[in-house]
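Student: okay, predicted coordinates and the sequence, questions at the end:
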Amino acid sequence: MPMEEKLSVLDFVDKNIGNLVPVMPPPIEDTPFKLVEKVRDLKALAAKLRSVNEFVVDLEHNQYRSFQGLTCLIQISTRIEDFVVDTLKLRIHIGPHLREVFKDPTKKKVMHGADRDIVWLQRDFGIYICNMFDTRQASKVVKLERNSLEHLLYHYCGVTANKEYQNADWRLRPLPDEMLSLQQNTLKSIDGDDGIR
């Protein structure tokens, strides 16, 4: 479904950007985490996202033995909560429940290297994104020596990224606790990336 609304570029210009003070997220151990596997939890997540001004998004995709591959997880983090959406269980429900909040220009979506994530969201769920901040693109604009998430996390947050499951099979169910924990750590670190913004 193509986006038909006419949007003004001015809808996406940050106001008062010079007055931003970086805000670190609360420690992971103090941050509620929810694995979203039921439609009622997806509805609750959508309601929570409507109540915030920004959220972090990351996807896990698998294309082993597949031409197009498929999106296995959507990770979403607000300043106070973290969520992992099981897109294998909720596939047909993702678009209808999250589409509006992702295209809402008043909500900033923070991602890193979102090129493929955007394609996957559109292809798999009919979700189009308005008002996105890509930390990888921002790192290029400010001419950092390296643009990887690993480098940004270390440079701005003092966090050493765990790459152990970078090439994991995200189709695996049930997901091991270690893989879920890694997702929360990654999201919370991107959430703390206010320094680059």
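Tutor: Thanks, I have the structure now.
Student: pretty sure L45 contacts E37?
Tutor: No - between L45 and E37 there is no contact under CB atoms under 8 Å: 11.2 Å. In short, each C-beta sits where N, CA and C put it, glycine included.
Student: excluding its backbone neighbours, what's nearest P26?
Tutor: I80 (6.9 Å; CB to CB, 6 or more residues apart in numbering).
Student: which helix in the chain runs the most residues?
Tutor: helix 87-103 (DSSP state H).
Student: quick check: buried residues in stretch 60-77?
Tutor: Using 16 or more other CB atoms under 10 Å as the burial criterion, the residues of stretch 60-77 that qualify are E60, H61, N62, G69, L70, T71, C72, L73, I74, Q75, I76, S77.
Student: what's the farthest-apart pair in those?
Tutor: Greatest spacing in the buried residues of stretch 60-77, by CB to CB: G69 and S77 (23.5 Å).
Student: start from the N-terminal end of the protein and give the strands.
Tutor: 33-36, 54-62, 70-77, 82-86, 108-111, 132-134 (DSSP state E).
Student: would CSV of the ones you listed with distance to F102 be doable?
Tutor: Listed next are the strands of the chain as CSV, based on distance: least, CB to CB, whole Å:
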stretch, distance to F102
strand 33-36, 15
strand 54-62, 8
strand 70-77, 10
strand 82-86, 12
strand 108-111, 7
strand 132-134, 9
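Student: now do the end-to-end distance for stretch 119-132.
Tutor: One end of stretch 119-132 sits 14 Å from the other (CA to CA, to the nearest Å).
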